[in-house]
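A.B. asks: output the structure for:
(one chain, ligands or ions: 1)
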Amino acid sequence: MSDEEKVRKGLVGVIADESRVSSVMQASNTLTYRGYSVGDLCDNTSFEEVAYLLLHGELPTRLELEKFSSAERENRNIDPGLWKAMQSFPMDSHPMDALRSFISLYAMYDTDAHLSQLDKASYIKKTIKLLATVPMFIAWDRRRRVGLPFVQPKQSFGISENFYNMCFAEVPKQETMKAFDVSLILYAEHSFNASTFTARVVTSTLSDYYSAITAAVGALKGPLHGGANEAVMQMFDEIGSPEKSEAWTMDALLQKKKIMGFGHRVYKNGDSRVATMQKYFFKLAELKGDTRYRSFYENVAKVMLREKNIHPNLDYPSAPVYRLIGFETFFFTPIFVMSRIAGWSAHILEQAEDNRLIRPICKYSGAKERSVPRMDAR
Ligand code: CMC
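C.D. replies: Below you'll find the model as predicted:
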(Lines give C-alpha, C1' and ligand atoms only; values in the text may rest on other atoms or scores of the structure.)
Protein backbone atom coordinates (compact mmCIF):
# COMPACT_ATOMS: atom_id res chain seq x y z
CA MET A 1 0.00 0.00 0.00
CA SER A 2 1.46 3.39 -0.94
CA ASP A 3 1.79 6.10 1.70
CA GLU A 4 -1.06 8.03 0.05
CA GLU A 5 -3.42 5.06 0.40
CA LYS A 6 -2.55 4.44 4.06
CA VAL A 7 -5.54 4.76 6.41
CA ARG A 8 -4.88 7.41 9.05
CA LYS A 9 -7.24 6.27 11.78
CA GLY A 10 -8.33 9.18 13.92
CA LEU A 11 -6.72 11.42 11.25
CA VAL A 12 -3.47 11.10 13.22
CA GLY A 13 -0.83 13.38 11.75
CA VAL A 14 -3.08 14.65 8.94
CA ILE A 15 -2.64 18.36 8.16
CA ALA A 16 -6.22 19.21 7.18
CA ASP A 17 -5.80 22.95 6.49
CA GLU A 18 -3.89 26.08 7.47
CA SER A 19 -4.98 28.27 10.37
CA ARG A 20 -3.91 31.65 11.74
CA VAL A 21 -5.89 31.34 14.98
CA SER A 22 -3.55 29.40 17.28
CA SER A 23 -0.45 27.27 17.22
CA VAL A 24 0.25 24.17 19.29
CA MET A 25 4.02 23.85 19.23
CA GLN A 26 4.82 20.36 20.31
CA ALA A 27 8.61 20.69 20.21
CA SER A 28 8.82 23.77 22.45
CA ASN A 29 5.67 22.79 24.38
CA THR A 30 4.01 26.13 23.81
CA LEU A 31 0.59 27.30 22.74
CA THR A 32 0.02 30.71 21.20
CA TYR A 33 -3.22 32.50 20.30
CA ARG A 34 -2.60 34.77 17.31
CA GLY A 35 1.11 34.70 18.24
CA TYR A 36 0.79 35.45 21.98
CA SER A 37 1.76 32.75 24.47
CA VAL A 38 -1.25 31.67 26.56
CA GLY A 39 0.73 31.97 29.81
CA ASP A 40 1.41 35.63 28.98
CA LEU A 41 -2.26 36.18 28.07
CA CYS A 42 -3.42 34.56 31.33
CA ASP A 43 -1.18 36.75 33.47
CA ASN A 44 -1.88 40.00 31.63
CA THR A 45 -5.34 39.97 30.02
CA SER A 46 -8.97 39.06 30.69
CA PHE A 47 -11.15 36.47 28.95
CA GLU A 48 -12.98 39.26 27.08
CA GLU A 49 -9.69 40.56 25.64
CA VAL A 50 -8.74 37.02 24.58
CA ALA A 51 -12.14 36.44 22.94
CA TYR A 52 -11.65 39.70 21.02
CA LEU A 53 -8.12 38.66 20.04
CA LEU A 54 -9.29 35.29 18.72
CA LEU A 55 -12.11 36.84 16.69
CA HIS A 56 -10.32 39.90 15.34
CA GLY A 57 -6.70 38.75 15.21
CA GLU A 58 -5.36 41.59 17.42
CA LEU A 59 -5.69 42.53 21.08
CA PRO A 60 -8.26 45.31 21.57
CA THR A 61 -7.41 48.91 22.41
CA ARG A 62 -9.19 50.26 25.49
CA LEU A 63 -11.92 51.72 23.28
CA GLU A 64 -12.37 48.52 21.24
CA LEU A 65 -12.61 46.49 24.43
CA GLU A 66 -15.23 48.85 25.84
CA LYS A 67 -17.31 48.53 22.67
CA PHE A 68 -16.96 44.74 22.56
CA SER A 69 -17.75 44.40 26.24
CA SER A 70 -20.80 46.67 26.16
CA ALA A 71 -22.15 44.80 23.11
CA GLU A 72 -21.82 41.55 25.09
CA ARG A 73 -23.51 43.07 28.16
CA GLU A 74 -26.38 44.49 26.06
CA ASN A 75 -27.04 41.03 24.65
CA ARG A 76 -27.61 39.41 28.04
CA ASN A 77 -31.24 38.73 27.34
CA ILE A 78 -33.26 35.73 26.27
CA ASP A 79 -36.48 35.87 24.24
CA PRO A 80 -39.62 35.15 26.34
CA GLY A 81 -40.55 32.35 23.91
CA LEU A 82 -37.21 30.68 24.56
CA TRP A 83 -37.55 31.16 28.33
CA LYS A 84 -40.84 29.29 28.07
CA ALA A 85 -39.26 26.45 26.11
CA MET A 86 -36.41 26.22 28.66
CA GLN A 87 -38.89 25.56 31.47
CA SER A 88 -39.74 22.25 29.80
CA PHE A 89 -36.13 20.98 29.78
CA PRO A 90 -36.07 17.86 31.99
CA MET A 91 -34.35 18.38 35.35
CA ASP A 92 -32.56 15.05 35.03
CA SER A 93 -31.19 15.70 31.53
CA HIS A 94 -27.42 16.03 31.17
CA PRO A 95 -26.47 19.74 31.41
CA MET A 96 -24.52 19.40 28.15
CA ASP A 97 -27.66 18.10 26.40
CA ALA A 98 -29.62 21.01 27.87
CA LEU A 99 -26.98 23.50 26.73
CA ARG A 100 -26.75 22.00 23.23
CA SER A 101 -30.56 22.25 22.96
CA PHE A 102 -30.52 25.83 24.23
CA ILE A 103 -28.09 26.91 21.50
CA SER A 104 -30.09 25.08 18.86
CA LEU A 105 -33.32 26.77 20.00
CA TYR A 106 -31.61 30.15 20.38
CA ALA A 107 -30.85 30.06 16.64
CA MET A 108 -34.57 30.12 15.86
CA TYR A 109 -35.01 33.32 17.86
CA ASP A 110 -32.17 35.10 16.07
CA THR A 111 -33.57 36.81 13.02
CA ASP A 112 -30.04 37.05 11.57
CA ALA A 113 -29.37 33.34 12.01
CA HIS A 114 -29.08 32.63 8.31
CA LEU A 115 -27.26 35.72 7.10
CA SER A 116 -24.65 35.19 4.39
CA GLN A 117 -21.61 33.16 5.39
CA LEU A 118 -19.34 35.91 4.14
CA ASP A 119 -20.74 38.60 6.40
CA LYS A 120 -17.97 38.84 9.03
CA ALA A 121 -19.85 41.41 11.12
CA SER A 122 -22.82 39.09 11.44
CA TYR A 123 -20.60 36.24 12.66
CA ILE A 124 -19.10 38.51 15.29
CA LYS A 125 -22.58 39.64 16.34
CA LYS A 126 -23.70 36.03 16.74
CA THR A 127 -20.57 35.17 18.73
CA ILE A 128 -21.23 38.10 21.06
CA LYS A 129 -24.82 36.90 21.51
CA LEU A 130 -23.62 33.45 22.58
CA LEU A 131 -20.86 34.87 24.80
CA ALA A 132 -23.66 36.81 26.53
CA THR A 133 -26.40 34.18 26.76
CA VAL A 134 -24.61 30.83 27.16
CA PRO A 135 -23.30 31.79 30.66
CA MET A 136 -26.84 32.96 31.53
CA PHE A 137 -28.26 29.64 30.46
CA ILE A 138 -25.65 27.60 32.36
CA ALA A 139 -26.16 29.64 35.54
CA TRP A 140 -29.96 29.38 35.23
CA ASP A 141 -29.76 25.62 34.63
CA ARG A 142 -27.41 25.12 37.58
CA ARG A 143 -29.58 27.07 40.02
CA ARG A 144 -32.85 25.43 39.02
CA ARG A 145 -31.26 21.99 39.50
CA VAL A 146 -30.15 22.87 43.02
CA GLY A 147 -33.54 24.44 43.76
CA LEU A 148 -32.50 28.10 43.71
CA PRO A 149 -34.15 31.05 41.92
CA PHE A 150 -32.64 32.72 38.85
CA VAL A 151 -30.23 35.61 39.44
CA GLN A 152 -30.51 38.41 36.87
CA PRO A 153 -27.35 39.33 34.94
CA LYS A 154 -25.63 42.54 36.07
CA GLN A 155 -24.55 45.05 33.44
CA SER A 156 -21.72 46.32 35.63
CA PHE A 157 -19.98 42.93 35.68
CA GLY A 158 -17.65 41.38 33.10
CA ILE A 159 -18.26 37.83 31.80
CA SER A 160 -16.54 35.91 34.63
CA GLU A 161 -17.91 38.02 37.49
CA ASN A 162 -21.39 38.04 36.01
CA PHE A 163 -21.38 34.28 35.58
CA TYR A 164 -20.12 33.72 39.11
CA ASN A 165 -22.74 36.10 40.49
CA MET A 166 -25.51 34.42 38.51
CA CYS A 167 -24.40 31.05 39.93
CA PHE A 168 -23.73 31.98 43.54
CA ALA A 169 -25.45 35.36 44.04
CA GLU A 170 -22.16 36.95 45.18
CA VAL A 171 -18.80 38.04 43.84
CA PRO A 172 -15.85 36.11 45.26
CA LYS A 173 -12.36 37.15 46.31
CA GLN A 174 -10.25 38.51 43.45
CA GLU A 175 -7.93 35.42 43.48
CA THR A 176 -10.89 33.07 42.95
CA MET A 177 -12.21 35.20 40.11
CA LYS A 178 -8.76 35.30 38.50
CA ALA A 179 -8.39 31.49 38.67
CA PHE A 180 -11.78 31.13 36.94
CA ASP A 181 -10.96 33.74 34.30
CA VAL A 182 -7.63 31.99 33.62
CA SER A 183 -9.48 28.69 33.09
CA LEU A 184 -11.67 30.43 30.50
CA ILE A 185 -8.61 31.85 28.72
CA LEU A 186 -6.93 28.44 28.63
CA TYR A 187 -10.07 26.68 27.40
CA ALA A 188 -10.82 29.31 24.75
CA GLU A 189 -8.93 27.80 21.83
CA HIS A 190 -6.82 24.81 20.87
CA SER A 191 -6.33 24.52 17.12
CA PHE A 192 -7.87 21.58 15.20
CA ASN A 193 -9.24 19.63 18.19
CA ALA A 194 -12.30 17.40 17.65
CA SER A 195 -15.01 19.97 18.42
CA THR A 196 -13.34 22.76 16.44
CA PHE A 197 -12.89 20.42 13.51
CA THR A 198 -16.59 19.50 13.81
CA ALA A 199 -17.52 23.19 13.66
CA ARG A 200 -15.34 23.64 10.57
CA VAL A 201 -16.84 20.58 8.86
CA VAL A 202 -20.37 21.92 9.40
CA THR A 203 -19.33 25.39 8.21
CA SER A 204 -17.71 23.89 5.11
CA THR A 205 -21.12 22.68 3.89
CA LEU A 206 -22.28 26.35 3.93
CA SER A 207 -24.53 25.58 6.88
CA ASP A 208 -25.13 28.32 9.46
CA TYR A 209 -23.16 29.51 12.52
CA TYR A 210 -25.49 28.04 15.13
CA SER A 211 -25.54 24.62 13.47
CA ALA A 212 -21.73 24.59 13.62
CA ILE A 213 -21.70 25.57 17.31
CA THR A 214 -24.45 23.08 18.21
CA ALA A 215 -22.52 20.26 16.53
CA ALA A 216 -19.30 21.36 18.27
CA VAL A 217 -21.01 21.18 21.68
CA GLY A 218 -21.98 17.58 20.89
CA ALA A 219 -18.35 16.74 20.04
CA LEU A 220 -17.03 18.45 23.17
CA LYS A 221 -19.32 16.44 25.44
CA GLY A 222 -17.37 13.19 24.99
CA PRO A 223 -15.02 12.11 27.82
CA LEU A 224 -12.09 11.80 25.41
CA HIS A 225 -12.48 15.54 24.77
CA GLY A 226 -14.14 18.20 26.98
CA GLY A 227 -16.06 15.69 29.09
CA ALA A 228 -12.70 14.72 30.64
CA ASN A 229 -12.85 17.57 33.18
CA GLU A 230 -15.98 16.01 34.72
CA ALA A 231 -14.44 12.55 34.51
CA VAL A 232 -11.36 13.74 36.47
CA MET A 233 -13.52 14.85 39.38
CA GLN A 234 -15.56 11.64 39.22
CA MET A 235 -12.24 9.78 39.46
CA PHE A 236 -11.10 11.75 42.55
CA ASP A 237 -14.52 11.13 44.14
CA GLU A 238 -14.28 7.42 43.34
CA ILE A 239 -10.76 7.18 44.81
CA GLY A 240 -12.27 8.63 47.98
CA SER A 241 -9.18 9.70 49.90
CA PRO A 242 -5.76 10.89 48.65
CA GLU A 243 -3.78 8.06 50.27
CA LYS A 244 -5.71 5.54 48.16
CA SER A 245 -4.61 7.25 44.91
CA GLU A 246 -1.57 5.05 44.28
CA ALA A 247 -3.43 1.73 44.70
CA TRP A 248 -6.46 2.98 42.74
CA THR A 249 -4.36 4.19 39.80
CA MET A 250 -2.22 1.03 39.70
CA ASP A 251 -5.36 -1.10 39.66
CA ALA A 252 -6.97 1.02 36.91
CA LEU A 253 -3.82 0.73 34.79
CA LEU A 254 -3.75 -3.03 35.35
CA GLN A 255 -7.30 -3.15 34.02
CA LYS A 256 -6.11 -1.13 30.99
CA LYS A 257 -8.42 1.75 31.89
CA LYS A 258 -7.77 5.22 30.51
CA ILE A 259 -6.99 7.63 33.33
CA MET A 260 -8.99 10.77 32.66
CA GLY A 261 -7.13 14.05 32.36
CA PHE A 262 -3.98 12.38 31.04
CA GLY A 263 -2.54 12.05 27.56
CA HIS A 264 -2.99 14.13 24.46
CA ARG A 265 -3.03 13.56 20.73
CA VAL A 266 -0.55 16.35 20.02
CA TYR A 267 1.45 16.92 23.22
CA LYS A 268 3.47 13.89 24.17
CA ASN A 269 5.70 15.62 26.72
CA GLY A 270 3.02 17.49 28.63
CA ASP A 271 0.24 19.94 27.83
CA SER A 272 1.60 23.50 27.73
CA ARG A 273 -1.51 24.83 29.51
CA VAL A 274 -1.13 22.66 32.60
CA ALA A 275 1.65 24.66 34.31
CA THR A 276 -0.39 27.87 34.11
CA MET A 277 -3.63 26.31 35.38
CA GLN A 278 -1.72 24.44 38.08
CA LYS A 279 -0.18 27.70 39.36
CA TYR A 280 -3.67 29.18 39.86
CA PHE A 281 -5.02 25.87 41.24
CA PHE A 282 -2.36 25.73 43.98
CA LYS A 283 -2.97 29.40 44.87
CA LEU A 284 -6.72 28.72 45.11
CA ALA A 285 -6.20 25.60 47.23
CA GLU A 286 -4.10 27.66 49.63
CA LEU A 287 -6.65 30.46 49.72
CA LYS A 288 -9.45 27.99 50.50
CA GLY A 289 -7.27 26.09 52.99
CA ASP A 290 -8.08 22.85 51.17
CA THR A 291 -5.13 20.57 50.37
CA ARG A 292 -7.19 17.44 49.64
CA TYR A 293 -7.53 17.96 45.88
CA ARG A 294 -3.90 18.95 45.54
CA SER A 295 -2.99 15.61 47.17
CA PHE A 296 -5.21 13.60 44.77
CA TYR A 297 -3.76 15.63 41.91
CA GLU A 298 -0.13 15.06 42.84
CA ASN A 299 -0.52 11.40 43.82
CA VAL A 300 -2.25 10.22 40.63
CA ALA A 301 0.10 12.27 38.42
CA LYS A 302 3.15 10.71 40.14
CA VAL A 303 1.94 7.19 39.33
CA MET A 304 1.08 8.10 35.72
CA LEU A 305 4.50 9.55 35.12
CA ARG A 306 6.32 6.66 36.79
CA GLU A 307 4.30 3.84 35.22
CA LYS A 308 3.35 5.21 31.80
CA ASN A 309 5.38 8.38 31.27
CA ILE A 310 2.06 10.09 30.45
CA HIS A 311 1.53 13.72 31.45
CA PRO A 312 -1.70 15.51 32.47
CA ASN A 313 -3.72 17.66 30.08
CA LEU A 314 -5.62 20.87 30.92
CA ASP A 315 -8.71 19.00 32.15
CA TYR A 316 -6.66 17.61 35.05
CA PRO A 317 -5.98 20.88 36.95
CA SER A 318 -9.16 22.64 35.80
CA ALA A 319 -11.40 20.01 37.42
CA PRO A 320 -10.19 20.67 41.01
CA VAL A 321 -10.24 24.43 40.31
CA TYR A 322 -13.96 24.21 39.46
CA ARG A 323 -14.62 22.02 42.49
CA LEU A 324 -12.79 24.44 44.81
CA ILE A 325 -14.79 27.34 43.36
CA GLY A 326 -17.97 25.45 44.22
CA PHE A 327 -19.34 24.11 40.93
CA GLU A 328 -21.05 20.75 40.82
CA THR A 329 -19.16 18.26 38.64
CA PHE A 330 -21.84 18.07 35.97
CA PHE A 331 -21.33 21.78 35.16
CA PHE A 332 -17.62 21.52 34.38
CA THR A 333 -18.04 20.78 30.66
CA PRO A 334 -20.72 23.46 30.09
CA ILE A 335 -18.20 25.97 31.51
CA PHE A 336 -15.71 24.72 28.92
CA VAL A 337 -18.35 25.55 26.26
CA MET A 338 -18.86 29.15 27.43
CA SER A 339 -15.16 29.71 26.82
CA ARG A 340 -14.55 27.61 23.68
CA ILE A 341 -17.30 29.53 21.84
CA ALA A 342 -14.58 32.12 21.22
CA GLY A 343 -12.21 29.65 19.54
CA TRP A 344 -14.94 27.83 17.62
CA SER A 345 -16.22 31.14 16.29
CA ALA A 346 -12.76 32.25 15.14
CA HIS A 347 -12.41 28.96 13.25
CA ILE A 348 -15.91 29.16 11.77
CA LEU A 349 -15.02 32.61 10.44
CA GLU A 350 -11.70 31.41 9.07
CA GLN A 351 -13.31 28.39 7.40
CA ALA A 352 -16.07 30.54 5.85
CA GLU A 353 -13.60 33.09 4.53
CA ASP A 354 -11.63 30.50 2.58
CA ASN A 355 -13.98 27.58 2.26
CA ARG A 356 -13.70 24.23 0.62
CA LEU A 357 -16.08 21.39 1.51
CA ILE A 358 -14.40 19.05 4.01
CA ARG A 359 -15.02 15.56 2.70
CA PRO A 360 -12.36 12.88 3.27
CA ILE A 361 -12.46 9.42 1.72
CA CYS A 362 -12.15 5.99 3.31
CA LYS A 363 -10.72 2.62 2.37
CA TYR A 364 -13.66 0.26 1.83
CA SER A 365 -13.35 -2.96 3.84
CA GLY A 366 -16.89 -4.37 3.54
CA ALA A 367 -18.35 -7.28 1.54
CA LYS A 368 -17.27 -7.82 -2.07
CA GLU A 369 -19.77 -6.73 -4.73
CA ARG A 370 -22.60 -9.30 -4.94
CA SER A 371 -26.12 -9.79 -6.34
CA VAL A 372 -29.30 -9.45 -4.28
CA PRO A 373 -30.64 -12.99 -3.62
CA ARG A 374 -34.39 -13.69 -3.95
CA MET A 375 -36.29 -13.41 -0.64
CA ASP A 376 -36.82 -17.20 -0.28
CA ALA A 377 -33.08 -17.82 -0.81
CA ARG A 378 -31.93 -15.55 2.06
N1 CMC B 1 -4.55 6.66 30.55
C2 CMC B 1 -3.89 5.51 30.34
N3 CMC B 1 -3.24 5.23 29.20
C4 CMC B 1 -3.26 6.18 28.25
C5 CMC B 1 -3.91 7.41 28.42
C6 CMC B 1 -4.59 7.63 29.63
N7 CMC B 1 -5.23 8.77 29.86
N8 CMC B 1 -3.78 8.16 27.31
C9 CMC B 1 -3.06 7.44 26.47
N10 CMC B 1 -2.74 6.25 27.02
C11 CMC B 1 -1.94 5.18 26.41
C12 CMC B 1 -2.85 4.36 25.51
O13 CMC B 1 -3.45 3.28 26.22
C14 CMC B 1 -1.87 3.90 24.46
O15 CMC B 1 -1.10 2.85 25.00
P16 CMC B 1 -0.69 1.59 24.10
O17 CMC B 1 0.16 2.17 23.00
O18 CMC B 1 0.01 0.70 25.06
O19 CMC B 1 -1.98 1.03 23.58
C20 CMC B 1 -0.94 5.10 24.30
O21 CMC B 1 -0.99 5.79 25.55
C22 CMC B 1 -1.36 6.03 23.17
O23 CMC B 1 -2.69 6.45 23.44
P24 CMC B 1 -3.82 6.71 22.36
O25 CMC B 1 -5.16 6.52 22.97
O26 CMC B 1 -3.51 5.94 21.13
O27 CMC B 1 -3.59 8.23 22.07
P28 CMC B 1 -4.56 9.15 21.26
O29 CMC B 1 -3.75 10.23 20.72
O30 CMC B 1 -5.40 8.38 20.32
O31 CMC B 1 -5.56 9.68 22.39
C32 CMC B 1 -6.48 10.87 24.19
C33 CMC B 1 -5.42 10.85 23.07
C34 CMC B 1 -6.53 12.26 24.78
C35 CMC B 1 -7.85 10.52 23.61
C36 CMC B 1 -6.07 9.84 25.26
O37 CMC B 1 -4.84 10.20 25.81
C38 CMC B 1 -7.13 9.69 26.33
O39 CMC B 1 -8.09 8.94 26.17
N40 CMC B 1 -6.99 10.44 27.48
C41 CMC B 1 -7.99 10.41 28.53
C42 CMC B 1 -9.12 11.37 28.21
C43 CMC B 1 -8.73 12.82 28.33
O44 CMC B 1 -8.10 13.23 29.29
N45 CMC B 1 -9.13 13.62 27.35
C46 CMC B 1 -8.85 15.06 27.30
C47 CMC B 1 -7.97 15.39 26.16
S48 CMC B 1 -7.18 16.97 26.20
C49 CMC B 1 -8.32 18.18 26.48
C50 CMC B 1 -9.45 18.23 25.50
O51 CMC B 1 -9.26 18.17 24.29
O52 CMC B 1 -10.54 18.35 25.93
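A.B. asks: hmm, the strand or helix carrying A231 touching the ligand?
C.D. replies: According to DSSP states H and E, A231 maps onto helix 228-239. Yes: using C-beta under 6 Å from any ligand atom, we find that helix 228-239 touches the ligand at A228. Quick note: C-beta positions are derived from backbone N, CA and C, even for glycine.
A.B. asks: show me which residues of that helix are buried.
C.D. replies: A228, N229, E230, A231, V232, M233, M235, F236, I239 (16 or more other C-beta atoms under 10 Å).
A.B. asks: I figured the fourth one hits L224, correct?
C.D. replies: Translated: A231. No: with contacts counted by C-beta atoms under 8 Å, A231 stays clear of L224, the gap being 9.3 Å.
A.B. asks: residues in contact with the helix holding A231: which ones?
C.D. replies: 223, 245, 248, 259-261, 293, 296, 300, 313, 315-316, 318-320, 322-323, 329-330, 332-333, 336 (C-beta atoms under 8 Å, 6 or more residues apart in numbering).
A.B. asks: and stretch 281-296, by the same measure?
C.D. replies: Stretch 281-296 has contacts (C-beta under 8 Å, 6+ apart) with 173, 175-176, 179, 236, 239, 242, 245, 297, 317-318, 320-321, 323-325.
A.B. asks: now the end-to-end length of it.
C.D. replies: 13 Å (C-alpha to C-alpha, to the nearest Å).
A.B. asks: can you pick the most crowded of the contacts of stretch 281-296?
C.D. replies: S318 (31 neighbours; other C-beta atoms under 10 Å).
A.B. asks: I figured it was touching Y187, is that so?
C.D. replies: Yes: the pair S318 and Y187 passes the contact test of C-beta under 8 Å, sitting 7.2 Å apart.
A.B. asks: circling back: pull out the buried members of the contacts of helix 228-239.
C.D. replies: 223, 245, 248, 259-261, 293, 296, 300, 313, 315-316, 318-320, 322-323, 329-330, 332-333, 336.
A.B. asks: which of those residues fall in helices?
C.D. replies: 245, 248, 293, 296, 300, 315-316, 318-320, 322-323, 332-333, 336 (DSSP state H).
A.B. asks: count of residues packed around the residue of the chain found nearest the ligand?
C.D. replies: The ligand sits closest to G263 of the chain, with a gap of 2.2 Å, by C-beta to the nearest ligand atom. Per other C-beta under 10 Å, the neighbour tally for G263 reads 18.
A.B. asks: can you give me the strands in the chain?
C.D. replies: 22-25, 30-33, 36-37 (DSSP state E).
A.B. asks: nearest to Y209, out of the ones you listed?
C.D. replies: strand 22-25 (19.6 Å; C-beta to C-beta).
A.B. asks: what residues does the stretch 251-378 of the chain put near the ligand?
C.D. replies: Checking the stretch 251-378 of the chain against the ligand by C-beta under 6 Å from any ligand atom, the hits are 258-265, 308, 310, 313-315.
A.B. asks: of those residues, closest to L54?
C.D. replies: L314 (16.5 Å).
A.B. asks: quick check: pLDDT value at the residue nearest to the closest one when sequence neighbours are not counted.
C.D. replies: Leaving aside its chain neighbours, L314 sits nearest to R273 (4.4 Å; criterion: C-beta to C-beta, 6 or more residues apart in numbering). Looking at R273, its pLDDT reads 95.
A.B. asks: got the contact list for F47?
C.D. replies: Contacts of F47 (C-beta under 8 Å, 6+ apart): G158, I159, S160, D181, L184, I185, A188, S339, A342.
A.B. asks: can you pull out the low-pLDDT segments for the protein?
C.D. replies: By pLDDT under 70, the low-scoring segments of the chain are 1-4, 113-118.
A.B. asks: what residue is smack in the middle of it?
C.D. replies: By C-alpha atoms, centre = their mean, the chain has its centre lying nearest to F336, at 3.5 Å.
A.B. asks: am I right that it is in contact with Y187?
C.D. replies: Yes: with contact defined as C-beta under 8 Å, F336 counts as touching Y187 (5.1 Å).
A.B. asks: any chance of the residues of the stretch 251-378 of the chain next to the ligand in CSV, with distance to N77 too?
C.D. replies: Shown next, in CSV, are those (distance: C-beta to C-beta, whole Å):
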residue, distance to N77
K258, 42
I259, 42
M260, 37
G261, 36
F262, 41
G263, 41
H264, 38
R265, 39
K308, 49
I310, 45
N313, 36
L314, 32
D315, 32
